[in-house]
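J.: The amino acid sequence is not available; the structure is as follows:
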Ligand SMILES: Cc1cc2nc3c(=O)[nH]c(=O)nc-3n(C[C@H](O)[C@H](O)[C@H](O)COP(=O)(O)OP(=O)(O)OC[C@H]3O[C@@H](n4cnc5c(N)ncnc54)[C@H](O)[C@@H]3O)c2cc1C
(Lines give C-alpha, C1' and ligand atoms only; values in the text may rest on other atoms or scores of the structure.)
Protein backbone atom coordinates (compact mmCIF):
# COMPACT_ATOMS: atom_id res chain seq x y z
CA UNK A 1 0.00 0.00 0.00
CA UNK A 2 1.26 3.49 -0.72
CA UNK A 3 0.91 6.26 1.86
CA UNK A 4 -1.73 8.94 1.43
CA UNK A 5 -0.47 11.99 -0.46
CA UNK A 6 -1.77 15.14 1.20
CA UNK A 7 -2.01 18.52 -0.50
CA UNK A 8 -1.49 22.00 0.87
CA UNK A 9 -0.38 20.99 4.39
CA UNK A 10 1.25 23.99 6.14
CA UNK A 11 4.88 23.08 6.80
CA UNK A 12 4.81 25.23 9.95
CA UNK A 13 3.19 22.13 11.49
CA UNK A 14 6.31 20.08 10.73
CA UNK A 15 9.09 22.49 11.71
CA UNK A 16 10.28 23.40 15.20
CA UNK A 17 10.38 27.08 14.07
CA UNK A 18 6.59 26.76 13.47
CA UNK A 19 7.20 28.65 10.23
CA UNK A 20 6.66 27.62 6.62
CA UNK A 21 3.98 27.78 3.92
CA UNK A 22 2.14 24.81 2.40
CA UNK A 23 3.62 21.75 0.73
CA UNK A 24 2.19 21.05 -2.70
CA UNK A 25 2.29 17.34 -1.75
CA UNK A 26 3.21 15.72 1.56
CA UNK A 27 3.50 12.06 2.50
CA UNK A 28 4.59 10.16 5.60
CA UNK A 29 5.88 6.72 4.59
CA UNK A 30 6.06 4.01 7.23
CA UNK A 31 8.22 1.51 5.34
CA UNK A 32 11.40 1.78 3.32
CA UNK A 33 9.49 0.43 0.31
CA UNK A 34 7.03 3.33 0.57
CA UNK A 35 9.88 5.81 0.95
CA UNK A 36 11.62 4.42 -2.14
CA UNK A 37 8.34 4.54 -4.10
CA UNK A 38 7.78 8.21 -3.23
CA UNK A 39 11.35 9.18 -4.15
CA UNK A 40 11.03 7.29 -7.45
CA UNK A 41 7.70 8.98 -8.22
CA UNK A 42 9.14 12.45 -7.59
CA UNK A 43 12.11 11.72 -9.86
CA UNK A 44 9.97 10.28 -12.64
CA UNK A 45 7.54 13.21 -12.52
CA UNK A 46 10.29 15.82 -12.17
CA UNK A 47 8.74 17.02 -8.90
CA UNK A 48 11.14 18.74 -6.44
CA UNK A 49 11.66 16.60 -3.35
CA UNK A 50 12.34 17.61 0.24
CA UNK A 51 13.04 15.11 2.99
CA UNK A 52 11.96 16.36 6.39
CA UNK A 53 12.87 14.68 9.66
CA UNK A 54 12.15 16.60 12.84
CA UNK A 55 12.22 19.88 10.89
CA UNK A 56 14.49 21.19 13.64
CA UNK A 57 17.26 22.67 11.52
CA UNK A 58 15.33 24.14 8.65
CA UNK A 59 13.61 27.38 7.64
CA UNK A 60 10.87 26.81 5.06
CA UNK A 61 9.80 29.85 3.02
CA UNK A 62 6.41 31.50 3.48
CA UNK A 63 5.60 30.47 -0.09
CA UNK A 64 5.80 26.81 0.96
CA UNK A 65 7.40 23.96 -0.96
CA UNK A 66 6.39 23.49 -4.61
CA UNK A 67 6.92 19.74 -4.70
CA UNK A 68 6.77 16.60 -2.58
CA UNK A 69 7.73 16.76 1.09
CA UNK A 70 8.49 13.33 2.51
CA UNK A 71 8.27 13.34 6.29
CA UNK A 72 10.47 10.52 7.55
CA UNK A 73 9.22 10.22 11.10
CA UNK A 74 7.06 7.21 10.25
CA UNK A 75 10.24 5.15 9.69
CA UNK A 76 10.79 4.06 13.24
CA UNK A 77 12.17 0.52 13.65
CA UNK A 78 15.03 0.08 16.10
CA UNK A 79 17.00 -3.09 16.94
CA UNK A 80 19.64 -3.40 19.62
CA UNK A 81 22.18 -6.20 19.54
CA UNK A 82 25.18 -6.18 21.86
CA UNK A 83 26.75 -2.73 21.59
CA UNK A 84 25.10 -1.91 18.25
CA UNK A 85 21.89 0.02 17.64
CA UNK A 86 20.39 -0.33 14.18
CA UNK A 87 17.74 2.30 13.58
CA UNK A 88 15.63 3.72 10.80
CA UNK A 89 16.21 7.37 9.91
CA UNK A 90 12.92 8.69 11.29
CA UNK A 91 13.65 7.85 14.93
CA UNK A 92 14.21 10.90 17.15
CA UNK A 93 17.56 11.11 18.93
CA UNK A 94 15.73 11.51 22.26
CA UNK A 95 14.11 8.10 21.82
CA UNK A 96 17.35 6.50 20.62
CA UNK A 97 19.26 7.79 23.62
CA UNK A 98 16.50 6.57 25.97
CA UNK A 99 16.70 3.12 24.37
CA UNK A 100 20.50 3.15 24.64
CA UNK A 101 20.14 3.97 28.34
CA UNK A 102 17.81 1.01 28.89
CA UNK A 103 20.27 -1.26 27.10
CA UNK A 104 23.19 0.08 29.18
CA UNK A 105 24.92 1.64 26.17
CA UNK A 106 26.87 4.88 26.47
CA UNK A 107 27.72 7.50 23.81
CA UNK A 108 24.47 9.25 22.98
CA UNK A 109 24.09 11.08 26.32
CA UNK A 110 25.20 14.54 25.01
CA UNK A 111 23.08 14.20 21.85
CA UNK A 112 19.78 12.99 23.34
CA UNK A 113 18.50 16.56 23.78
CA UNK A 114 18.87 17.39 20.07
CA UNK A 115 15.27 17.51 18.77
CA UNK A 116 15.97 15.88 15.40
CA UNK A 117 15.70 12.47 13.77
CA UNK A 118 18.60 10.13 13.10
CA UNK A 119 18.42 10.90 9.34
CA UNK A 120 18.57 14.68 9.81
CA UNK A 121 21.28 14.33 12.45
CA UNK A 122 23.41 12.20 10.11
CA UNK A 123 23.02 14.76 7.30
CA UNK A 124 24.01 17.59 9.64
CA UNK A 125 26.54 15.50 11.60
CA UNK A 126 24.76 16.85 14.66
CA UNK A 127 26.87 17.25 17.76
CA UNK A 128 26.97 18.72 21.23
CA UNK A 129 29.36 19.09 24.14
CA UNK A 130 32.35 17.86 22.15
CA UNK A 131 30.70 14.74 20.70
CA UNK A 132 29.21 14.30 17.24
CA UNK A 133 27.06 11.61 15.74
CA UNK A 134 29.41 10.65 12.91
CA UNK A 135 31.98 9.24 15.33
CA UNK A 136 29.50 6.57 16.48
CA UNK A 137 28.40 5.45 13.02
CA UNK A 138 29.37 1.99 11.86
CA UNK A 139 27.21 1.96 8.76
CA UNK A 140 24.66 4.20 7.01
CA UNK A 141 21.94 2.88 4.74
CA UNK A 142 21.00 5.06 1.78
CA UNK A 143 18.84 4.72 -1.30
CA UNK A 144 20.67 4.37 -4.59
CA UNK A 145 18.42 3.98 -7.65
CA UNK A 146 15.60 2.88 -5.39
CA UNK A 147 17.66 0.16 -3.65
CA UNK A 148 19.10 0.25 -0.14
CA UNK A 149 22.90 0.37 -0.07
CA UNK A 150 25.18 0.41 2.95
CA UNK A 151 28.05 2.85 3.34
CA UNK A 152 30.66 2.23 6.04
CA UNK A 153 30.93 5.02 8.61
CA UNK A 154 34.57 5.51 7.53
CA UNK A 155 33.54 6.06 3.91
CA UNK A 156 31.47 9.09 4.89
CA UNK A 157 33.14 12.45 5.50
CA UNK A 158 32.05 13.96 8.80
CA UNK A 159 32.60 17.71 9.03
CA UNK A 160 31.40 20.41 11.38
CA UNK A 161 27.59 20.36 11.02
CA UNK A 162 28.10 18.81 7.60
CA UNK A 163 28.50 15.33 6.16
CA UNK A 164 29.10 13.96 2.68
CA UNK A 165 25.66 12.27 2.92
CA UNK A 166 24.15 15.45 1.43
CA UNK A 167 22.32 14.45 -1.72
CA UNK A 168 21.46 10.97 -0.44
CA UNK A 169 18.18 9.71 0.99
CA UNK A 170 19.18 8.26 4.35
CA UNK A 171 17.17 5.20 5.31
CA UNK A 172 18.87 4.37 8.60
CA UNK A 173 22.15 3.61 10.33
CA UNK A 174 23.93 1.30 12.71
CA UNK A 175 25.57 3.06 15.64
CA UNK A 176 28.27 1.42 17.73
CA UNK A 177 28.14 2.45 21.38
CA UNK A 178 30.07 1.49 24.49
CA UNK A 179 28.67 -0.68 27.32
CA UNK A 180 28.29 1.35 30.51
CA UNK A 181 26.58 1.54 33.90
CA UNK A 182 22.90 2.44 33.55
CA UNK A 183 23.00 4.78 36.57
CA UNK A 184 26.05 6.66 35.24
CA UNK A 185 24.45 7.02 31.81
CA UNK A 186 21.22 8.28 33.40
CA UNK A 187 23.11 10.87 35.46
CA UNK A 188 25.03 12.09 32.42
CA UNK A 189 21.81 12.45 30.42
CA UNK A 190 20.25 14.46 33.25
CA UNK A 191 23.34 16.67 33.47
CA UNK A 192 23.30 17.47 29.73
CA UNK A 193 19.59 18.13 29.85
CA UNK A 194 20.09 20.61 32.73
CA UNK A 195 22.84 22.36 30.75
CA UNK A 196 20.51 22.71 27.76
CA UNK A 197 17.69 24.09 29.87
CA UNK A 198 20.06 26.65 31.43
CA UNK A 199 21.66 27.82 28.19
CA UNK A 200 18.94 27.50 25.52
CA UNK A 201 15.64 29.34 25.04
CA UNK A 202 13.52 26.20 24.97
CA UNK A 203 10.23 27.99 25.73
CA UNK A 204 9.94 29.41 22.21
CA UNK A 205 9.96 27.76 18.77
CA UNK A 206 13.37 27.94 17.06
CA UNK A 207 15.68 25.90 14.86
CA UNK A 208 18.53 25.80 17.37
CA UNK A 209 21.77 27.58 16.50
CA UNK A 210 21.28 29.66 13.37
CA UNK A 211 24.97 30.11 12.55
CA UNK A 212 28.00 27.84 12.63
CA UNK A 213 30.75 28.82 15.03
CA UNK A 214 33.61 30.34 13.01
CA UNK A 215 36.95 28.57 13.67
CA UNK A 216 38.04 29.28 17.25
CA UNK A 217 35.07 31.60 17.85
CA UNK A 218 31.58 31.44 19.24
CA UNK A 219 28.89 32.79 16.91
CA UNK A 220 26.71 33.55 19.96
CA UNK A 221 29.43 35.69 21.56
CA UNK A 222 30.07 37.63 18.32
CA UNK A 223 26.34 38.31 17.87
CA UNK A 224 25.95 39.38 21.49
CA UNK A 225 28.99 41.68 21.35
CA UNK A 226 27.76 43.22 18.11
CA UNK A 227 24.70 44.25 20.11
CA UNK A 228 22.04 42.00 18.61
CA UNK A 229 20.70 40.20 21.68
CA UNK A 230 16.97 40.93 21.73
CA UNK A 231 16.97 42.45 18.19
CA UNK A 232 13.62 41.89 16.55
CA UNK A 233 12.00 41.87 13.10
CA UNK A 234 8.27 41.20 13.31
CA UNK A 235 7.89 38.26 15.66
CA UNK A 236 11.40 36.92 14.97
CA UNK A 237 13.84 37.79 17.74
CA UNK A 238 17.50 37.14 18.54
CA UNK A 239 17.05 35.28 21.81
CA UNK A 240 17.96 37.30 24.89
CA UNK A 241 19.06 33.96 26.46
CA UNK A 242 21.35 32.65 23.68
CA UNK A 243 22.29 35.06 20.88
CA UNK A 244 22.83 32.31 18.29
CA UNK A 245 19.15 31.31 18.54
CA UNK A 246 16.42 33.16 16.68
CA UNK A 247 13.09 32.53 18.36
CA UNK A 248 9.55 32.80 17.02
CA UNK A 249 7.52 34.93 19.43
CA UNK A 250 4.30 33.69 17.87
CA UNK A 251 3.58 34.88 14.35
CA UNK A 252 7.05 35.17 12.82
CA UNK A 253 7.28 34.58 9.07
CA UNK A 254 10.24 33.20 7.16
CA UNK A 255 10.83 36.66 5.69
CA UNK A 256 11.19 38.12 9.22
CA UNK A 257 13.80 35.47 10.08
CA UNK A 258 15.68 36.04 6.80
CA UNK A 259 15.74 39.79 7.36
CA UNK A 260 17.03 39.33 10.90
CA UNK A 261 19.66 36.83 9.73
CA UNK A 262 20.87 39.37 7.14
CA UNK A 263 21.01 42.17 9.73
CA UNK A 264 23.00 40.00 12.17
CA UNK A 265 25.43 38.89 9.46
CA UNK A 266 26.00 42.47 8.36
CA UNK A 267 26.43 43.70 11.95
CA UNK A 268 28.96 40.98 12.84
CA UNK A 269 30.85 41.56 9.59
CA UNK A 270 31.11 45.29 10.27
CA UNK A 271 32.15 44.81 13.89
CA UNK A 272 34.57 41.87 13.57
CA UNK A 273 35.21 41.39 9.81
CA UNK A 274 33.88 37.85 10.17
CA UNK A 275 31.23 36.51 7.82
CA UNK A 276 28.92 34.17 9.69
CA UNK A 277 27.65 31.14 7.81
CA UNK A 278 24.23 29.65 8.42
CA UNK A 279 23.93 26.26 10.07
CA UNK A 280 20.21 26.15 9.36
CA UNK A 281 19.06 24.95 5.96
CA UNK A 282 16.66 26.94 3.74
CA UNK A 283 13.98 25.23 1.70
CA UNK A 284 11.02 26.26 -0.39
CA UNK A 285 9.83 29.52 -1.88
CA UNK A 286 10.91 32.75 -0.25
CA UNK A 287 9.04 35.89 -1.10
CA UNK A 288 10.39 39.13 -2.48
CA UNK A 289 11.59 41.81 -0.08
CA UNK A 290 13.02 39.51 2.58
CA UNK A 291 16.62 40.68 2.77
CA UNK A 292 19.40 41.91 0.58
CA UNK A 293 20.95 38.50 -0.16
CA UNK A 294 17.63 36.87 -0.88
CA UNK A 295 17.15 34.96 -4.12
CA UNK A 296 15.21 36.70 -6.90
CA UNK A 297 11.47 36.86 -6.28
CA UNK A 298 9.70 33.57 -6.68
CA UNK A 299 12.87 31.51 -7.04
CA UNK A 300 12.82 28.16 -5.33
CA UNK A 301 15.62 27.31 -2.99
CA UNK A 302 15.89 23.80 -1.73
CA UNK A 303 18.08 22.81 1.20
CA UNK A 304 21.04 21.05 -0.36
CA UNK A 305 20.34 17.92 1.63
CA UNK A 306 16.79 17.98 0.45
CA UNK A 307 17.36 16.83 -3.11
CA UNK A 308 18.30 13.18 -3.04
CA UNK A 309 19.97 12.89 -6.43
CA UNK A 310 20.89 9.30 -5.79
CA UNK A 311 17.48 8.17 -4.62
C1 LIG B 1 16.15 23.64 20.59
C2 LIG B 1 17.13 23.08 19.57
C3 LIG B 1 18.37 22.65 19.99
C4 LIG B 1 19.28 22.12 19.06
N5 LIG B 1 20.50 21.69 19.50
C6 LIG B 1 21.39 21.17 18.61
C7 LIG B 1 22.66 20.69 19.06
O8 LIG B 1 23.01 20.71 20.24
N9 LIG B 1 23.52 20.19 18.11
C10 LIG B 1 23.18 20.11 16.80
O11 LIG B 1 23.99 19.63 15.99
N12 LIG B 1 21.98 20.56 16.36
C13 LIG B 1 21.08 21.09 17.23
N14 LIG B 1 19.86 21.51 16.77
C15 LIG B 1 19.56 21.49 15.33
C16 LIG B 1 18.86 20.20 14.85
O17 LIG B 1 18.09 19.62 15.89
C18 LIG B 1 19.85 19.15 14.32
O19 LIG B 1 20.57 19.65 13.21
C20 LIG B 1 19.13 17.87 13.91
O21 LIG B 1 20.07 16.87 13.70
C22 LIG B 1 18.28 18.03 12.64
O23 LIG B 1 17.53 16.83 12.47
P24 LIG B 1 16.07 16.87 11.82
O25 LIG B 1 15.60 15.48 11.71
O26 LIG B 1 15.20 17.82 12.56
O27 LIG B 1 16.42 17.44 10.39
P28 LIG B 1 15.55 18.42 9.47
O29 LIG B 1 15.60 19.79 10.06
O30 LIG B 1 14.24 17.80 9.20
O31 LIG B 1 16.43 18.39 8.15
C32 LIG B 1 17.75 18.92 8.12
C33 LIG B 1 18.38 18.57 6.76
O34 LIG B 1 18.51 17.16 6.66
C35 LIG B 1 17.77 16.67 5.52
N36 LIG B 1 17.22 15.37 5.92
C37 LIG B 1 16.43 15.08 7.00
N38 LIG B 1 16.20 13.76 7.07
C39 LIG B 1 16.83 13.20 6.00
C40 LIG B 1 16.97 11.86 5.50
N41 LIG B 1 16.41 10.80 6.11
N42 LIG B 1 17.72 11.65 4.39
C43 LIG B 1 18.29 12.70 3.74
N44 LIG B 1 18.17 13.98 4.15
C45 LIG B 1 17.47 14.22 5.26
C46 LIG B 1 16.73 17.72 5.23
O47 LIG B 1 16.31 17.69 3.88
C48 LIG B 1 17.50 18.99 5.58
O49 LIG B 1 18.36 19.35 4.53
C50 LIG B 1 18.94 22.05 17.68
C51 LIG B 1 17.66 22.48 17.28
C52 LIG B 1 16.76 22.98 18.20
C53 LIG B 1 15.40 23.43 17.75
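T.: Done, it's in. On a predicted model such as this, the values are computed, not experimentally measured, just so you know.

J.: helix, strand or coil for residue 276?
T.: coil (DSSP: H, G, I helix; E, B strand; the rest coil).

J.: Would you mind listing the residues in contact with it?
T.: 211-212, 214, 219, 222-223, 264-265, 268-269 (C-beta atoms under 8 Å, 6 or more residues apart in numbering). For every residue, glycine as well, the C-beta is placed using N, CA and C.

J.: With adjacent residues omitted, what lies nearest to it?
T.: residue 211 (4.3 Å; C-beta to C-beta, 6 or more residues apart in numbering).

J.: In helices, which of the contacts of residue 276 appear?
T.: Those of the contacts of residue 276 mapping onto helices are 219, 222-223, 264-265, 268-269, per DSSP state H.

J.: Let me know the closest of those to the ligand.
T.: residue 219 (12.8 Å; C-beta to the nearest ligand atom).

J.: What's the separation between the residue nearest the centre of the chain and the ligand?
T.: The structure's the chain has its C-alpha centroid closest to residue 57; by C-alpha atoms, centre = their mean the separation is 3.4 Å. Going from residue 57 to the ligand by C-beta to the nearest ligand atom, to the nearest Å gives 3 Å.

J.: Contacts only, for that residue.
T.: Per C-beta under 8 Å, 6+ apart, neighbours of residue 57: 116, 120, 124, 207-208, 279-281.

J.: And residue 228, by the same measure?
T.: 238, 243, 263-264, 267-268.

J.: which non-adjacent residue is nearest it?
T.: residue 238 (4.8 Å).

J.: what number of residues lie near the one you found?
T.: 25 (other C-beta atoms under 10 Å).

J.: now the stretch 201-311 of the chain, which segments are flagged as low pLDDT?
T.: 288-311 (pLDDT under 70).

J.: The contacts of residue 57 also near the ligand: which ones?
T.: 116, 120, 124, 207-208, 281 (C-beta under 6 Å from any ligand atom).

J.: picking up where we left off before, from the contacts of residue 276, which would you call buried?
T.: With burial judged by 16 or more other C-beta atoms under 10 Å, the buried subset of the contacts of residue 276 is 211-212, 219, 222-223, 264-265, 268.

J.: Let me know the secondary structure of residue 242.
T.: Assignment for residue 242 (three-state DSSP): coil.

J.: what residues does the stretch 151-300 of the chain put near the ligand?
T.: That would be 161, 169-170, 200, 202, 206-208, 281, which are the residues of the stretch 151-300 of the chain within reach of the ligand (C-beta under 6 Å from any ligand atom).

J.: Mind listing what's buried along the host helix or strand of residue 38?
T.: Residue 38 is located in helix 32-45, with elements delineated by DSSP states H and E. Using 16+ other C-beta under 10 Å as the test for burial, helix 32-45 gives 32, 34-39, 41-42.

J.: which residues in the stretch 201-311 of the chain form helices?
T.: In the stretch 201-311 of the chain, the segments counted as helices under DSSP state H, counting those that start in this stretch are 219-225, 254-272.

J.: same for the first one, what does it pack against?
T.: Other elements packing on helix 219-225 under the criterion 3 or more C-beta pairs under 8 Å, 6 or more residues apart in numbering; DSSP states H and E are helix 254-272.

J.: cool, and the last one?
T.: Where contact means 3+ C-beta pairs under 8 Å, 6+ apart, helix 254-272 is packed against strand 58-60, helix 219-225, strand 232-233, strand 236-238, strand 245-248.

J.: what's next to that helix, contact-wise?
T.: 17, 19-21, 59-62, 210-211, 222-223, 225-228, 231-238, 246, 248, 274-276, 278, 284, 286-287, 289-294.
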